[in-house]
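J.: when you get a sec, could you give me coordinates for this:
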Amino acid sequence: MFSVSPSSRWAIVAAMSVFGITASVFRVEAADLLVRYDQSQLIRLPRPVSEIIIGNPSIADVNVQGGNLLVVTGKTFGVTNIIALDADKNVIQDQRVIVEQDDRRTVVVYRGALRHSYTCAPTCTPAPVVGDAQQFFEETLKAAQTKAGASVPGTDAQPSE
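T.: Numbers count the residues shown, from 1 in each chain. All right, here's what the predicted structure looks like:
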C-alpha cells in the first residue's frame, strides 16, 4: 500500500478537476450532428419543413429533399446550428452541427511551414483544405475546375493564364 501526502492529493484533485472541465468543453453531445468536411449527412424530420435557418452558412449548407429530409453538407471546419421551422413557424428541430476533417485517408505533408493535404485512397492525390499553403490550394483548385469543365460539353477546358 502506498501513501499520498495531503499536498500531492490536492494537486491530483486539482488536475482531475481541470481535466474534467476541459474534457466537458470538447465533449460531443448525443444530439450533435457530426459532418465531415466536404461530405453530407441526412436528417429525417417528423414533419415537412417550411424554413431552414443556418447559424453560420459558411460552415454548413442545408438542402431540403422531399419536404422532411435535410441534406447537411460540411463546408468548412467549425460549429454551427440549424433550425427547421414548419409552415406555422414552430421549431421542428434545433440541431448543433460540428464539421470536422475526415482523417481516415488524409495525409498532411509539411514543406517547411507550408502545409499540403492529400487524400490517399489508395493513391495519394492533392486534396486542399482550409489552412493549406495558398499556392498549393489555388493550383489544385484550378486544376480540379479545369478537369470539371472538360466534362461539360461546349466548355473550353484550357487553363487560364
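
J.: how near is the residue positioned nearest the centre of the chain to Ala121?
T.: Residue closest to the average C-alpha location in the chain (C-alpha atoms, centre = their mean): Val99, at 2.2 Å. Distance, Val99 to Ala121, using C-beta to C-beta, to the nearest Å: 20 Å. Placement of C-beta: from N, CA and C, glycine included.

J.: what residues does the helix or strand harbouring Val109 touch?
T.: Element membership for Val109 (DSSP states H and E) is strand 106-111. Under the contact criterion C-beta atoms under 8 Å, 6 or more residues apart in numbering, strand 106-111 has outside partners Arg115, His116, Ser117, Tyr118, Thr119, Cys120, Cys124, Ala127, Ala133.

J.: likewise for stretch 114-123?
T.: Here stretch 114-123 makes contact (C-beta under 8 Å, 6+ apart) with 105-110, 124-129, 131-133, 136.

J.: hmm, try it at 10 Å
T.: 38, 101-102, 104-110, 124-137, 140 (C-beta atoms under 10 Å, 6 or more residues apart in numbering).

J.: ChimeraX command for the buried members of the residues you listed?
T.: This is the ChimeraX syntax for the buried subset of the contacts of stretch 114-123, where burial follows 16 or more other C-beta atoms under 10 Å:
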select :101,106,126,127,128,129,132,133,136,137,140
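
J.: in strands, which of the contacts of stretch 114-123 fall?
T.: Thr106, Val107, Val108, Val109, Tyr110, Cys124, Thr125, Pro126 (DSSP state E).

J.: now the two most distant members of those residues.
T.: Within the ones in strands among the contacts of stretch 114-123, two members stand farthest from each other by C-beta to C-beta: Tyr110 and Thr125, at 17.9 Å.

J.: related to what we said a few turns ago, what sits opposite the residue nearest to the centre of the chain in the beta ladder?
T.: For Val99, the beta-bridge partners are Val35, Gly78 (DSSP bridges).
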